[in-house]
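Visitor: sequence? don't have it. structure:
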């Protein structure tokens with residue numbers, strides 16, 4: 001076996017024992033804190049999730065408290081897509097913070 005075959009063989013073995021890939025769907029909890037208590041901010045979050053075609057398992061919203069509203073979405077998607085959605089939500093005007101946790 002020459003060096004090229006050895007490298008290809010060891011790469012294949014490493015791929016076989018590697019952990020979950022970035023293409024496997026997982027469950028995530030996405031928490032978005034919004035500035036203000038108006039419904040327009042909530043609708044912009046929902047619109048962003050729709051534009052990104054995120055499959056929602058659950059979506060909850062808290063009542064305004066101390067000038068903030070929290071939207072929590074349970075989603076099932078790949079890690080790469082979940083991070084892309086979180087970055088997209090961070091770019092919205094009324095978003096104070098976005099937290100992404102794997103369930």
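Guide: Alright, I've got the coordinates. Everything numeric in this text was worked out from a predicted model, so none of it was measured. Numbering: from 1, shown residues only.

Visitor: For the residue minimising distance to the centre of the chain, what is the enclosing helix or strand?
Guide: Geometric centre of the chain, nearest residue: residue 82, 2.4 Å, by CA atoms, centre = their mean. Secondary structure assigned from DSSP states H and E places residue 82 in helix 79-90.

Visitor: From the chain's centroid, how far away is that helix?
Guide: Using CA atoms, centre = their mean, to the nearest Å, the mean C-alpha position of helix 79-90 is found 5 Å from that of the whole chain.

Visitor: Just give me the neighbour total for residue 91.
Guide: A total of 9 residues lie near residue 91 under the criterion other CB atoms under 10 Å. C-betas here are computed from N, CA, C, even on glycine.

Visitor: hmm, I was thinking of residue 35
Guide: By the criterion of other CB under 10 Å, residue 35 has 14 neighbours.

Visitor: hang on, the earlier thing: just give the nearest non-adjacent residue to the residue nearest to the centre of the chain, would you?
Guide: residue 28 (4.7 Å; CB to CB, 6 or more residues apart in numbering).

Visitor: count of neighbours near that neighbour?
Guide: Residues near residue 28, counting by other CB under 10 Å, number 23.

Visitor: give the contact list for it.
Guide: For residue 28, the contact set (CB atoms under 8 Å, 6 or more residues apart in numbering) comprises 74, 75, 76, 77, 82, 100, 101, 102, 103.

Visitor: Next, the buried residues of stretch 76-90.
Guide: Under the neighbour-count criterion of 16 or more other CB atoms under 10 Å, stretch 76-90 has 77, 78, 79, 81, 82, 85, 86, 88, 89 buried.

Visitor: now do stretch 56-72
Guide: Judged by neighbour count using 16+ other CB under 10 Å, the buried positions of stretch 56-72 are 61, 69, 70, 71.

Visitor: Let me know the pLDDT of the third one.
Guide: Taken from the predicted model, the pLDDT recorded for residue 70 is 93.

Visitor: Assess the claim that it and residue 59 are in contact.
Guide: No. Counting by CB atoms under 8 Å, residue 70 does not reach residue 59; the two are 11.6 Å apart.
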